[in-house]
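[1] What would the 3D arrangement of this be:
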Amino acid sequence: MATLNRRAFLRVAALGAAASAAAGTLAATAARSTASPGAARAVPVQDVTWGPEWDDVIASARAEGKLSLLTVVGGGYGSLVESFERAFPGITVERLAESSANTWLGQVREGRRAGNYAFDLAFVQANRAIADGAPEGMWAPIRPLLARSDVLDDRVWRDGLDARFLDAAHNLCFAWEYQVVHAYAINTDLVPEGEIRTVQDLLDPRWKGRIRYLDPRVGSGLLSAASVARAWGTDVVRQLLIDQQPIFTSSGPDTVTEALVRGQHPIALGVRPKALNPLREQGLGYNVQYLDLPDADFAGSTSMLYFDRAPHPAAAKLFANWILTREAQTALASSLWTNSARTDVDAFEPDGTATPGLTYYEPDREANYEHTAATQRFIRDLLGPAS
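    Okay, the predicted model is just below:
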């Protein structure tokens, strides 16, 4: 397994060689991944069974000898790649990890302009990949790569296999992750459990001037507002943001979370597990409960895409099917401390689980891009531009 830094990548790409890297997703930290009970339950992915019908694919992948991955930053992909190399000796995975979409898009574009097609598969957030990469012809359809029966089974994917494709054509961008962001949380010392069941309950006069908000013009505040607008229309967004006189902050989830834990406010938007869990490790924060509000929550996902003119198509096919098996998804979700879109994989981030049968807004879905943009314009008209 080879890991390349950015300078090395650019040097290798200039020579036309493949480069790539391992990464992760929204929630991973090395300490939590190591200590988590979820990681201990993970099934060793090298034990995935491959039938004789895959012999030719495996042989072709070994003949290519390489696989090139581009991923977001994080440790979980690194351990999965090591398992893949153990399961299929003779295939070396080169990996490039990037945290910024601007950076990886720029590197891919630079290589393509020079005639260098370095990568096979990408594991990145969907929105920039679709909005920027697809019009440029960066991606080839990934759906034809998926061939294992246990991967194609509609029953094992939330809302079915087809629903996991986030692009409008339903063939380029496969969302393996389904991580719900529960937008609002309460301090149970101040708000009785079960008191707030929908966004409409947040409009109660009792909560006027008592809800702490991250900036709703950007980030999770915006995406929650887009979810509300989808469910109730923009008038309810206006009531939440104007009539209820919330307390806005731009200081980030840590400040919002600590204020809620300490009872400075009964309700907050923007509390995240990454900020809450360290407080819980200190014995604090057990009075905080996330609200499951499909009319305000949204689901994020990391997606898998297949590069146009991939240099190692057989290895890409093998890896794309392997990583979507139950065993590999269990190992990946547990090491990243996130939740797979496979229905037969345990949830490893309990604060990001989806209630079966409920529909959550998916801002990474191409069909929703304009709705989110329209909601942002509406909020900026209400509140002015973000500072």
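
[2] Just say helix, strand or coil for the closest residue to residue 247 other than its chain neighbours.
    Once flanking residues are discounted, residue 247 sits nearest to residue 212: 5.1 Å by CB to CB, 6 or more residues apart in numbering. Yep, even glycine has a C-beta here, placed from its N, CA and C like the rest. For residue 212, the assignment made with DSSP: H, G, I helix; E, B strand; the rest coil gives strand.

[3] What ranges does the stretch 251-387 of the chain have for its helices?
    Ranges of helices in the stretch 251-387 of the chain, per DSSP state H, counting those that start in this stretch, are 253-261, 273-281, 313-323, 326-336, 369-383.

[4] quick revisit: residues contacting the residue nearest to residue 247?
    By CB atoms under 8 Å, 6 or more residues apart in numbering, the contact set of residue 212 is 246, 247, 249, 256, 259, 260, 264, 265, 267, 268, 269, 270.

[5] make it 7 Å
    Contact partners of residue 212, counting by CB atoms under 7 Å, 6 or more residues apart in numbering, are 247, 249, 256, 259, 260, 265, 268.

[6] Domain map for this structure?
    Listed domain ranges for the chain are 2-179+300-352, 183-296+366-383 (source: automatic domain parsing).

[7] Mean pLDDT and distance to residue 359 for those - can I get that in JSON lines?
    Output for the domains of the chain, formatted as JSON lines (pLDDT from 0 to 100; distance: least, CB to CB, whole Å):
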{"stretch": "domain 2-179+300-352", "mean pLDDT": "84", "distance to residue 359": "8"}
{"stretch": "domain 183-296+366-383", "mean pLDDT": "95", "distance to residue 359": "6"}
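
[8] Indicate which one of those is closest to residue 358.
    Of all those, domain 183-296+366-383 sits nearest to residue 358, with 4.6 Å by CB to CB.

[9] Show me how far the closest one is from its chain's centre.
    Centroid displacement of domain 183-296+366-383 relative to its chain, using CA atoms, centre = their mean, to the nearest Å, is 20 Å.

[10] Same question for stretch 87-103.
    17 Å.

[11] buried set for it?
    87, 88, 91, 92, 93, 94, 95, 96, 97, 98, 101 (16 or more other CB atoms under 10 Å).

[12] What separation is there between the first one and residue 331?
    Remark: distance between residue 87 and residue 331 (CB to CB, to the nearest Å) = 11 Å.
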